[in-house]
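A.B. asks: let's see this in three dimensions:
(one chain, ligands or ions: 1)
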Amino acid sequence: MTAGSGTLNQNPPAVTPPPCMNLLDADEFRLRGQQVINFIADYWCRMGDYPVRPNVTPGFLRDELPTNAPPMPEPDAWDSALQDLRDLILPGMTHWQSPRHFAHFPASSSTAGALGEALIAGINVVPFTWAASPAAAELEMVVVDWLGKALHLPESLLFAGGGGGTLLGTSCEAILCTLVAARDRKLAEVGWRSIGDLVVYCSDQTHFSFRKAARIAGIQRGHVREIPTSLEDMFALSPAALKAAMQADVDAGLIPLFLCATVGTTQTTAVDPIRGLCPVAATHGLWVHVDAAYAGSALVCPEFSHVVDGVEAVDSFSMNAHKWLLANNDCCALWVKKPAALVAALGTEQEYILKDAGAEGHDVVDYKDWTMTLTRRFRVLKLWLMLRCYGVEGLRGHIRSHVRMAAMFEELVRDDARFEVVTDRHFALVCFRLLSTDRLGGEKKANELNRRLLEEVNAATLGPYMSAANAGGIYMLRCAVGSTLTEDRHVREAWKVVREQATSLLRKMQILRV
Ligand code: PLP
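C.D. replies: Below you'll find the model as predicted:
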């Protein structure tokens, strides 16, 4: 591997640094900013030329890099670093913005999202309290209500209805913060010594971040009930099973605390039935959180409102606007019905240094009390820009185009008798597999065949990148349409690769009917 400009291979020659480096020079910024923006635009233009995943082995880049940082500024650092980024680093990346990236839920990008990030970095404030950046706090309050309304969330989760929202980095944070709020609310009622008796509920399809959150929140490892789901129920959590699990715990003297329901599970986009679950959860006073990390974006289209039927009864709701709603990493929106519960758990006494006379006596939101960290990002600026640039209708068009393309892929799968679509397609993910169970002699062998198919599909140069789910003992391929750059032709080409690889694989295994 050549080292681009060569600067990564050796430490640059020593130069005498300027007596005082001007680190925020407006003219330099304009010049370099243009260069960086052109670089990014070129990257987007060339996205289709990169294999989605690099063909590299562990250590490939570390071996190319010097072991120490340059002791002195490099004389042509900008040019040579950008050249190395293009020639050395980008070829070693998985290109999440590739139109052929179908493996994971998207990390969706847009011009407004990317430039919103640039504005956030350029302005660089730390809005931990209202006083620390009053406009940032107030903009966040306004824009989370905008977004909540755009997603058709109930007013009780919005500031306008006595609830409220905030922007965090990730769903992991949202789940942890709400769990801690629920824990403290419950322990205040039953006594702090009972922490060892608390039990939390989810399905066997719930994202692992919930189990991690439970661990961090001090819930005993054996007290996370992962209720089994099945293909017959499309891997959705059954209210009856929740009821039975809670009753067994109560009978054993334990204390039900929290339900994490998912709308759009990671493996198959299963939808837990909120309307059925909430009344069951209410019988034991559970805090119900809805994790809609991926599928929450679809709620911008009214035709998806049915997937959150009953949502007015939940205590909190979170979704990642950076997954499918064009907000660029990172931007998780969390809404809670009772912000006071979050603040009771996560708020801190105001340090002297944070006190501000202007805020005293006013009902201001200090967002540091809604989350774990003090330092926060000015994320709302990006979301505000994005909503203004694209409007709610623009976002609907974006979601609908992916849903339409996923439906097209689904049709192609259904038209080939060798395949089956395994789970209902709710959004823009298609879970499918080669249907050869009978000929192969059982599920185990069918799983192995499909595992090999995925390997072959992902090995195709310039082919699609897909992933797999394994639910209810069934191994299936996942095709998640979601890259901003994906067009119909990429979906058709992806199917062509799957079909061809399947033919060749079946032929190799001599089970192709001739
Ligand atoms: N919940 C669901 C349903 C997810 O699909 C994911 C990630 O894909 C997460 C939670 C975790 O999201 P984050 O990485 O924002 O913490």
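A.B. asks: what pLDDT does residue 8 get?
C.D. replies: With respect to pLDDT, residue 8 scores 52.
A.B. asks: ok, the one 3 residues further on next?
C.D. replies: Per-residue confidence (pLDDT) for residue 11: 58.
A.B. asks: excluding chain neighbours, what is closest to residue 426?
C.D. replies: For residue 426, ignoring the flanking residues on the chain, the nearest one in space by CB to CB, 6 or more residues apart in numbering is residue 269 at 4.9 Å. Using the backbone N, CA and C atoms, a C-beta is placed for each residue, glycine as well.
A.B. asks: and the one you found, how many neighbours?
C.D. replies: Around residue 269 there are 29 other residues, counting by other CB atoms under 10 Å.
A.B. asks: is it in a helix, a strand, or coil?
C.D. replies: Following DSSP: H, G, I helix; E, B strand; the rest coil, residue 269 is assigned to coil.
A.B. asks: quick check: which element contains residue 199?
C.D. replies: Residue 199 belongs to strand 198-203 when assigned by DSSP states H and E.
A.B. asks: one step back: relative to residue 312, how far out is the residue nearest to residue 426?
C.D. replies: 23 Å (CB to CB, to the nearest Å).
A.B. asks: I figured residue 377 hits residue 120, correct?
C.D. replies: Yes - assessed by CB atoms under 8 Å, residue 377 is found in contact with residue 120 at 6.2 Å.
A.B. asks: next secondary structure element downstream of the lengthiest helix in the chain?
C.D. replies: Longest helix of the chain, by residue count under DSSP state H: helix 380-414. Per DSSP H and E, the first helix or strand lying C-terminal to helix 380-414 is strand 419-421.
A.B. asks: and that following strand, what does it pack against?
C.D. replies: Identification of packing neighbours for strand 419-421 by 3 or more CB pairs under 8 Å, 6 or more residues apart in numbering; DSSP states H and E yields helix 380-414, strand 429-434.
A.B. asks: pairing partners for the shortest one, with directions?
C.D. replies: Think strand 429-434. Note on strand 429-434: by DSSP bridges, its sheet partners are strand 419-421 (antiparallel), strand 474-480 (antiparallel).
A.B. asks: give me the residues contacting that strand.
C.D. replies: Strand 429-434 is touched from outside by 105, 267-269, 406, 409-410, 413, 418-423, 425, 446, 449-450, 453, 469, 474-481, 502, 506, with contacts defined as CB atoms under 8 Å, 6 or more residues apart in numbering.
A.B. asks: how near is residue 166 to residue 21?
C.D. replies: Per CB to CB, residue 166 is found 37 Å from residue 21.
A.B. asks: out of the two, which sits in the busier spot?
C.D. replies: A direct count of neighbours by other CB under 10 Å for residue 166 and residue 21 places residue 166 higher, at 27 against 8.
A.B. asks: C-alpha coordinates for the helix or strand containing the more buried one, CSV please?
C.D. replies: Applying DSSP H and E as the criterion places residue 166 in strand 164-168. Only the C-alpha atoms of strand 164-168 are listed here, as CSV (Å, rounded to 0.1, in the frame of the first residue of the first chain):
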residue,chain,number,x,y,z
GLY,A,164,-41.2,17.5,27.0
GLY,A,165,-38.3,16.3,24.9
THR,A,166,-34.6,16.5,24.5
LEU,A,167,-31.9,15.6,22.0
LEU,A,168,-29.3,13.0,23.1
